[in-house]
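Turn this into a model:
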Amino acid sequence: MSSAPLPPVVDADAILARARATFDIESDAVLGLKSRVGPSFIDAVRKILDVRGRVVVMGMGKSGHVGRKIAATLASTGTPAMFVHPAEASHGDLGMIKPVDLVLAISNSGEVDELTVILPVVKRQGVPLIAMTGRTDSTLARHADIVIDAGVAKEACPLNLAPTASTTAQMAMGDALAVALLDARGFGSEDFARSHPGGALGRKLLTHVSDVMRSGDDVPRVPPTATVSELMRAMSINGFGAAAVVEPDGRALGIFTDGDLRRLIEAGANLRTPKAADIMHRDPRTIRVDALAVEAAELMEQCGITRLFVIDGAGVIVGAVNTNDLMRAKVI
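I've put the predicted structure just below:
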């Protein structure tokens, strides 16, 4: 009867030493790329900027995983891109690559069969080929129009076999390409938001006051002659807690809030005779209907208030918004 295998010996010091050595090896691998970024990198950026189609990223194994990330980063920063698996390309997916596209092939060795076998076909289509490889004398490099050297001195793996430092270097080189391209394109935060509408930045840069405001009968407003009772009824609409005092043409004269009412009661004021014009705050804070919702949030914070009335270009009140509305829209 065979005995159960002994559990591995856990040496805390050895574990930490290996982790720290990994950080050293991989950081050296990335820093080593700086001295090799030169004319070929510039040529690659220019070539990609000239492409009328998409950047088709290809890679096998761990380089393929890196390639998927690079394609996603390019696409989200203004460079149309997609990933095509080399093995699938040999079985029909090459049809996804058009003459207006450009191929970015990633392989540390540059000798991956699934990739090298399709390179002649790609070249016959007249598709530009950029190689990102650790061997500038490889089959991949020989077929390429432009070669980006992403080689490393050694892997972090103690056997020097598992792709570790090499994939980190590929990832960093891909990021460098994407950042250089977005800078050359003048890609800004609003462009980024358009490709990330579901993210926090997208919501801040794409959501307007008109998207989150209350409108129509949900906007509490009264004429200057309204009584305190009428003010109170208006303020209670949907729990907004304030009413706009408006001119006959709809422009804002003032505002009256539940806080103003509370202070009048605490002061023992006579609430039977005053009209809205007598107790309102004149020149209320407002925001334009075409402003960004985040601007409304910033104005509320600056002024220490929790609600705003929304006006159009003529100064007519067309809506209302408070912090709860902004929170529901995940703007704040």
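
rest of the way, CA atoms for contacts and neighbours
Will do.

Tell me where the stretch 151-300 of the chain is predicted with low confidence.
Applying pLDDT under 70 to the stretch 151-300 of the chain flags the ranges 191, 193-203.

Which residue ranges of the stretch 201-332 of the chain form helices?
In the stretch 201-332 of the chain, the segments counted as helices under DSSP state H, counting those that start in this stretch are 209-212, 228-235, 258-266, 276-279, 293-303, 323-328.

will you turn these into JSON lines that also has mean neighbour count and distance to Val219?
Shown next, in JSON lines, are the helices of the stretch 201-332 of the chain (neighbours: other CA atoms under 10 Å; distance: least, CA to CA, whole Å):
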{"stretch": "helix 209-212", "mean neighbour count": "19", "distance to Val219": "13"}
{"stretch": "helix 228-235", "mean neighbour count": "18", "distance to Val219": "9"}
{"stretch": "helix 258-266", "mean neighbour count": "13", "distance to Val219": "15"}
{"stretch": "helix 276-279", "mean neighbour count": "19", "distance to Val219": "16"}
{"stretch": "helix 293-303", "mean neighbour count": "17", "distance to Val219": "16"}
{"stretch": "helix 323-328", "mean neighbour count": "15", "distance to Val219": "13"}
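
Which one, of the ones you listed, ends up nearest to Ala176?
Ala176 lies closest to helix 293-303 among the helices of the stretch 201-332 of the chain, at 31.2 Å (CA to CA).

one step back: would you turn the helices of the stretch 201-332 of the chain into a markdown table with distance to Ile48?
Output for the helices of the stretch 201-332 of the chain, formatted as a markdown table (distance: least, CA to CA, whole Å):
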| stretch | distance to Ile48 |
| --- | --- |
| helix 209-212 | 37 |
| helix 228-235 | 58 |
| helix 258-266 | 60 |
| helix 276-279 | 64 |
| helix 293-303 | 35 |
| helix 323-328 | 40 |
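
can you tell which of the ones you listed is closest to Phe41?
Phe41 sits nearest to helix 293-303 of all the helices of the stretch 201-332 of the chain, at 38.9 Å, using CA to CA.

returning to that earlier point: so which of the helices of the stretch 201-332 of the chain comes closest to Ile25?
Across the helices of the stretch 201-332 of the chain, Ile25 has its closest neighbour in helix 293-303 (43.6 Å, CA to CA).

residues in contact with the closest one?
With contacts defined as CA atoms under 8 Å, 6 or more residues apart in numbering, helix 293-303 is touched by 204-205, 207-209, 212, 287, 306-308, 323, 326, 331-332.

Between the helices of the stretch 201-332 of the chain, which one is closest to Asp28.
Among these, the nearest to Asp28 by CA to CA is helix 293-303 (41.9 Å).

Mind listing residues that contact stretch 305-320?
Contact with stretch 305-320 is made by 209-210, 213-216, 219, 244, 249-252, 285-290, 296, 300, 321-323, as judged by CA under 8 Å, 6+ apart.

Apologies, that question was intended for stretch 26-36.
So stretch 26-36 is in contact with 149-153, 155-156, 164-166, 168-169, 172-173, going by CA under 8 Å, 6+ apart.

Put the buried members of those into a ChimeraX selection.
Here is the ChimeraX command that selects the buried residues among these (16 or more other CA atoms under 10 Å):
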select :149,150,151,152,155,156,164,165,166,168,169,172,173
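
of all the contacts of stretch 26-36, which two lie farthest apart?
Greatest spacing in the contacts of stretch 26-36, by CA to CA: Asp149 and Ala156 (18.7 Å).

Pull out the buried positions in stretch 103-123.
Neighbour counts over stretch 103-123 (16+ other CA under 10 Å) mark 103-112, 114-116, 119, 122-123 as buried.

got the CA positions of that stretch in CSV?
The C-alpha trace of stretch 103-123 is given here as CSV (Å, rounded to 0.1, in the frame of the first residue of the first chain):
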residue,chain,number,x,y,z
VAL,A,103,-1.9,42.9,-37.8
LEU,A,104,0.0,43.2,-34.5
ALA,A,105,1.4,39.7,-33.8
ILE,A,106,2.8,38.9,-30.3
SER,A,107,5.2,36.0,-29.6
ASN,A,108,8.2,36.0,-27.3
SER,A,109,9.9,33.2,-29.3
GLY,A,110,8.6,34.3,-32.7
GLU,A,111,8.4,30.7,-33.7
VAL,A,112,4.9,29.6,-32.7
ASP,A,113,3.6,27.3,-35.4
GLU,A,114,0.0,28.5,-35.3
LEU,A,115,1.2,32.1,-35.9
THR,A,116,4.0,31.6,-38.4
VAL,A,117,1.8,29.4,-40.7
ILE,A,118,-0.6,32.2,-41.4
LEU,A,119,1.9,35.0,-41.8
PRO,A,120,2.5,34.4,-45.6
VAL,A,121,-1.3,34.6,-46.1
VAL,A,122,-1.5,37.8,-44.2
LYS,A,123,1.4,39.3,-46.2
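
picking up where we left off before, turn the contacts of helix 293-303 into TSV, including distance to Gly61.
Listed next are the contacts of helix 293-303 as TSV, based on distance: CA to CA, whole Å:
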residue	distance to Gly61
Lys204	38
Leu205	38
Thr207	40
His208	44
Val209	47
Val212	46
Ile287	54
Thr306	54
Arg307	55
Leu308	55
Thr323	49
Leu326	45
Val331	40
Ile332	41
